[in-house]
Structure formats: structure tokens, C-alpha cells
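Undergrad: here is the input, now give the coordinates:
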Amino acid sequence: MDATHADDLLEHRRRKDEAFKHSPQSPVPEPDRPGFEGLDYYDPEPGMVFTLEVVPGDGSEVQVQTTDGRERTYRRTGSVTFEVDGREAKLTLFSTEHAGYFVPFRDATSGKETYGAGRYLEVDATQDGTVTLDFNYAYNPFCAYDEAYSCPLPPGENWLRVPIRAGERTYSG
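TA: Numbers count the residues shown, from 1 in each chain. Next up is the predicted model:
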């Protein structure tokens, strides 16, 4: 990770922390905002940035459970395979109504170092058929801060056995 990339990441985190403290749309409950000092993040980790070829998905739908017991429908758009600590990992990329891919995942840190229900990545598609998964930008869903939110849970196909020690850690409130 070059210095510019690290600076961009740290600036992104600073802006997010500022928004979570002051924005009316913050998922941090209003009574907690005055004492909010920022999220807990792993240090920037260059080994958790992967540029990968997308294997096209079959376009099939998957019903994803949410934290409030409902379901959301996503479409399998592609998949990527990569290695963490010498172990293979595979994630399905889902399409939503937004551009790019939605990548909900759980990993070996879930429920220990990171939010138990999993974290998310949003990934841009490229013209050359690759994506860059930068786990330094992995973030907690809003339900990690306030259970009033309804958040999709990562489907089993995106439960990784490897630890992803990058991005946001568990929110302690």
C-alpha cells in the first residue's frame, strides 16, 4: 500500500467518524453521539488488497436473511478467489439496484474481533473484468450500531474460514 493509498484510507475513516458523530443520518444512536470518539479500525494492511479476475456468475437469485427476520433478494453476478495466509478464499459478488457489486461476508474474526453478523464491501466493476477487493474498507452494517436497522446477513457461501484483519472492528459504543 503506497503512501497515497494509505492517506486516502485514513482520510476516508476520518470523514466517516466525523459524519457518525455529527450527521442526523448517523446510525450511532443520538444519545451516544456526544461521547462518540470514532470507530475502531485495524491498521492499514497492504496484504488485504486484491485485484482479481471476476468469474461471471449464473445470475441466480439468493434470498438473504436480514437482522429483523425479513428477506432481501440479491443476484449472483460473479465470484472471486484469493489467498489469505496461504489458504484459499472465495466470495460471491452480488448485484443490487446500485452500480458495482455488494459483498457481504463473515470471516474467522466475526464475533471475536469484528461484528458478529459480518461486514460489507462495495466494489466497483472495471472494464477489464477485474475488481479490487480492498478489505481495509470493510465496514460494519448500520445494525452494528443500532438494532433498529434491518441489515442483510452474509449468506453461507460468503462465510470465510480465514481471518480478514482489515477494515472496521467491533463497535463498542
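Undergrad: run through the bridge partners of residue 87.
TA: residue 84 (DSSP bridges).
Undergrad: ok, the closest residue in space to residue 167 that isn't next to it in sequence to residue 129 distance?
TA: Sequence neighbours aside, residue 138 is the residue nearest to residue 167 in space, at 2.9 Å (criterion: CB to CB, 6 or more residues apart in numbering). Quick note: C-beta positions are derived from backbone N, CA and C, even for glycine. Counting by CB to CB, to the nearest Å, the gap from residue 138 to residue 129 is 23 Å.
Undergrad: just the C-alpha atoms of stretch 156-170, please, in CSV.
TA: What follows is stretch 156-170 as a C-alpha-only set of coordinates in CSV (Å, rounded to 0.1, in the frame of the first residue of the first chain):
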residue,chain,number,x,y,z
GLY,A,156,-23.3,-19.1,3.8
GLU,A,157,-21.4,-19.0,0.5
ASN,A,158,-19.7,-15.8,1.8
TRP,A,159,-18.6,-17.2,5.2
LEU,A,160,-14.8,-17.3,5.0
ARG,A,161,-12.7,-19.6,7.2
VAL,A,162,-9.8,-17.2,7.0
PRO,A,163,-9.3,-14.1,9.1
ILE,A,164,-9.7,-10.7,7.4
ARG,A,165,-7.9,-8.4,9.8
ALA,A,166,-8.6,-5.2,7.9
GLY,A,167,-11.3,-2.6,8.0
GLU,A,168,-13.7,-1.9,10.8
ARG,A,169,-13.5,-3.8,14.1
THR,A,170,-16.4,-4.4,16.6
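Undergrad: so how far is it from its chain's centroid?
TA: 9 Å (CA atoms, centre = their mean, to the nearest Å).
Undergrad: going by neighbour count, list what's buried in that stretch.
TA: Neighbour counts over stretch 156-170 (16 or more other CB atoms under 10 Å) mark 158, 160, 162-170 as buried.
Undergrad: can I get those in TSV including distance to residue 38, secondary structure and pLDDT?
TA: Below are the buried residues of stretch 156-170 laid out as TSV (distance: CB to CB, whole Å; DSSP: H, G, I helix; E, B strand; the rest coil; pLDDT from 0 to 100):
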residue	distance to residue 38	secondary structure	pLDDT
158	27	helix	98
160	26	coil	98
162	27	coil	97
163	23	coil	98
164	21	coil	98
165	19	coil	98
166	17	coil	98
167	14	coil	98
168	11	strand	98
169	11	coil	98
170	14	coil	96
